[in-house]
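Trainee: okay, sequence plus prediction incoming.
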There are 2 protein chains.
Amino acid sequence: MPTATLAKATHRQIRRSNVQLVLRTVYESAPLSRADVARATGLTRTTVSDLVEGLIADGLVVEAGTGPSTGGKAPILLRVPADARQLVGIDVDRERLSGAVVDLRGEVQARESRYLHGRDGEAALRELEALVLTLTAAAERPLVGVGIGTPGLIEQPSGRVRWAVGLDWHDTPVGERLAALTGLPTIVVNDSQASAMAEWAFGHHDTSSAMIVVKVGVGIGAGIVIGGRVYAGDDSGAGEIGHTRVTDEDIRCRCGGTGCLETVASLRAVLQRAAELVAADPGSRLSGRPLTQAVLLEAFRADDPLAREVVLQAAPPLGRVLAAMIGTLGARDIVLIGPMTEFGQLWLNAVRVEARRSALPLLMERSNIHFGRTGDDAVALGAAAILMTSELGLALVA
Amino acid sequence: MPTATLAKATHRQIRRSNVQLVLRTVYESAPLSRADVARATGLTRTTVSDLVEGLIADGLVVEAGTGPSTGGKAPILLRVPADARQLVGIDVDRERLSGAVVDLRGEVQARESRYLHGRDGEAALRELEALVLTLTAAAERPLVGVGIGTPGLIEQPSGRVRWAVGLDWHDTPVGERLAALTGLPTIVVNDSQASAMAEWAFGHHDTSSAMIVVKVGVGIGAGIVIGGRVYAGDDSGAGEIGHTRVTDEDIRCRCGGTGCLETVASLRAVLQRAAELVAADPGSRLSGRPLTQAVLLEAFRADDPLAREVVLQAAPPLGRVLAAMIGTLGARDIVLIGPMTEFGQLWLNAVRVEARRSALPLLMERSNIHFGRTGDDAVALGAAAILMTSELGLALVA
DNA sequence: CGACTTTGTAAAGGGTCTTGACAAAGGGCG
DNA sequence: CGCCCTTTGTCAAGACCCTTTACAAAGTCG
């Protein structure tokens, strides 16, 4: 029988909810007065005063001078100091663990990283623990907690990594281990989800609708943000689009299947295909040197026909899968990130064209496929943003 | 800047939330005592007594004898009478409007329908109004409201139909019109969403995870239920998968595009393709008579090679799109409904096989593609179920 | 300067859940 | 059967939190 457990409602929850509401209002619209907050939230001035008192005691809100009078007593302006709290966000990559201490506006206060040098399993987890300890020690303000973005499928809310192939983590209790180590609230999320949240929070996109963030690099994965929250799906399985079959050609994929999106649209696929063509055509300007993305990119920008063909051939399958996602989710905003985006407008246009002819025109009209606007820290920042939403009820915004 | 409006929390909301919690507990687990409810919800016996008093006054809960003692005073058992309320659910189809009065368990108490005979636009809306009036008059218990399932994109929560091509509704205020007519709470939802909700509520599937219900008939559309609620997406655009491009063949679609899923996997496509092949092969047993689904189905069941080929050719593209949906949403449960399901296990297996090799093995392992288990009233019942969730906070269950 | 407006706070009030107590109603055992 | 124990359901008092009402403080405007 269908059941959905609902918790009882209690006074404490009213209070917590309203505290969060006030905090969020001040955070998002500062500076503003208690009376402003009351008007914005519908709460009474009395209640707002009471709630603000508590927030001031916690240091999450401060009084910052007075504003101009509008015909009466001048308002006392409130704001949330960016350094009222700090958060630790970490990007777990197969090569490197990179983390940061950030403030409540996502400004990086400290940075630290460690190379894994091939270590995986327990050794990698130990390295992660060491990095977390370093960063929590580096924090100069009370910490909200620790947010980890890692590849793999993750069990929520425990933060147990069910499977992360490159790290050789199988049913590894990353969340529990780190929480026990630091005693702080800890969340572990998929790196695609963290990237998606980073775009939502810092990308200055339209945040009113569902957003799909697709990372196209060595692999291809997506994160989905709906209403400011990451949609993870059952067992964090949402967004696993890299192994959607898109072609009947018999191209083997590392997942065991054939014809996966990754085998034709990823950076790995593009480089491989380019290498094949170069081998078949010794006269190419690309001959002779090892074919890295930098080399291919240079040729692509220099109008090299082979580079052009290879890169632009990789675009349509991606466009088609994006169209399927738009149809499935009814989303408006698609954000592309990852190394492949370096191929720029030409590649993007090829993706767009195929997407446009691959979905219901009525849906595509209002859709937007464009590049992301966050940088290298995206995963760490996104993990911190997710943590902030879950702990403080604040949607971290730039 | 990202904002997500949150309402203030107040005493009334606590009350409403807890009333719903108690009602739901009794509804789902009846018969049980006030003390049982207290244990199940975490509320105190005192509070439960108080809340139950109100529910009894409303007729939503009744005392039904006493249960066995477990060493103390015998408990007074509570339950929700199925006929405490009734709901009107209506299936708006291009051919026919069919509606029903159902009780709180989804049992049909009265049925009524009207053929449209080609009427559309305002005339169709008038017919719908007449049907709603007939059904509300037929109700013998207090009505919760009216739920409408209709094709088209629908604006929420107004219930304005932005576009329903077969009915020639453009920006038609169906919800407002019916609400004004009856004075009852009224919801208008997409028919795919209603079907999906019906499967969730009455299909006896696993309801713990996300469920995707795909209707394959003349057209192809999907509804998504997550956590007992329909996910509509921006502008109800979620589940519009019929016009996802799946083939490079230049098959024109009524949507204006080419190679849409509908052009190869729908019932319309199958019949058309069969007709073409029959025309090219006058010796076929299918020659001579008009090619309806019934005719094709008979041939298919009789192992006719042409029928087999045509039907089974239509399966793989659907399987591939299902795989893309599973990857996007991380869903476990896919339910297939609609006329094409009459082609049975052979067709289903062909769909499954292609889906399996078209998504990440790890995702497909736990996925389940199977047939729906609801009947002709699915849309009307589903619309009623959605209404019940939104009005009473009850997840209608069989 | 005085009337009016706006802000922020204080005291009283009201709704809702919880605590503590108890009567009612049953079983178990001498 | 009678007593004690358990369980149920209810009542009264209390605690929590928002709202109402009132008011002092601090500003503008004429």
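Mentor: Good, I have the coordinates.

Trainee: after the helix or strand where A:Glu354 lies, heading C-terminal, what element do we hit next?
Mentor: Assigned by DSSP states H and E, A:Glu354 belongs to helix A:344-356. Note on helix A:344-356: by DSSP H and E, the next helix or strand toward the C-terminus is helix A:361-365.

Trainee: tell me the helix or strand right after that next one.
Mentor: Next in sequence after helix A:361-365, counting helices and strands by DSSP H and E, comes strand A:368-371.

Trainee: give me the sheet partners of that following strand and which way each runs.
Mentor: Its sheet considered, strand A:368-371 pairs with strand A:333-337 (parallel) by DSSP bridges.

Trainee: so what touches the partner strand?
Mentor: Strand A:333-337 is contacted by residues A:195-196, A:199, A:203, A:205-206, A:209-216, A:322, A:325-326, A:348, A:351, A:355, A:367-372, A:374, A:378 when judged by C-beta atoms under 8 Å, 6 or more residues apart in numbering or on different chains. C-betas here are computed from N, CA, C, even on glycine.

Trainee: returning to that earlier point: how big is the angle separating the helix holding A:Glu354 from strand A:333-337?
Mentor: 140 degrees (axes from the mean of the first three to the mean of the last three C-alpha atoms, to 10 degrees).

Trainee: can you pull the buried residues of helix A:344-356?
Mentor: A:347-348, A:350-352, A:354-356 (16 or more other C-beta atoms under 10 Å in any protein chain shown).

Trainee: likewise for stretch A:197-216?
Mentor: Using 16+ other C-beta under 10 Å as the test for burial, stretch A:197-216 gives A:197-203, A:205, A:207, A:209-216.

Trainee: that one near chain B at all?
Mentor: Yes: using C-beta under 8 Å from any C-beta of the partner chain, we find that stretch A:197-216 touches chain B at A:200-201, A:207, A:209-210.

Trainee: go through those residues and name the one nearest B:Ala314.
Mentor: A:Ala210 (30.3 Å; C-beta to C-beta).

Trainee: just checking, the closest one touches A:Gly330?
Mentor: Yes: using C-beta atoms under 8 Å, A:Ala210 is in contact with A:Gly330, at 7.0 Å.

Trainee: shared neighbours of these two, anything?
Mentor: B:233-234.

Trainee: any low-confidence regions in chain A?
Mentor: Confidence mapping of chain A against pLDDT under 70 gives the ranges A:1-6, A:397-398.

Trainee: the helix or strand where A:Ile212 lies vs helix A:344-356, what angle?
Mentor: Under the criterion of DSSP H and E, A:Ile212 resides in strand A:211-216. Relative orientation of strand A:211-216 versus helix A:344-356 (the same axes, to 10 degrees): 120 degrees.

Trainee: so what does strand A:211-216 touch, helix or strand wise?
Mentor: helix A:191-202, strand A:220-226, helix A:315-329, strand A:333-337 (3 or more C-beta pairs under 8 Å, 6 or more residues apart in numbering or on different chains; DSSP states H and E).

Trainee: got the angle between it and helix A:191-202?
Mentor: 130 degrees.

Trainee: so the residue nearest the centre of chain A versus A:Glu391, what's the distance?
Mentor: Taking C-alpha atoms, centre = their mean as the criterion, A:Ser195 is the residue nearest the geometric centre of chain A, at 2.0 Å. Note on A:Ser195: its distance to A:Glu391, by C-beta to C-beta, to the nearest Å, is 20 Å.

Trainee: distance of the nearest residue to A:Val92 once chain neighbours are set aside relative to A:Leu184?
Mentor: Nearest non-adjacent residue to A:Val92, counting by C-beta to C-beta, 6 or more residues apart in numbering or on different chains: A:Thr150, 3.7 Å away. Separation of A:Thr150 from A:Leu184 (C-beta to C-beta) stands at 17 Å.
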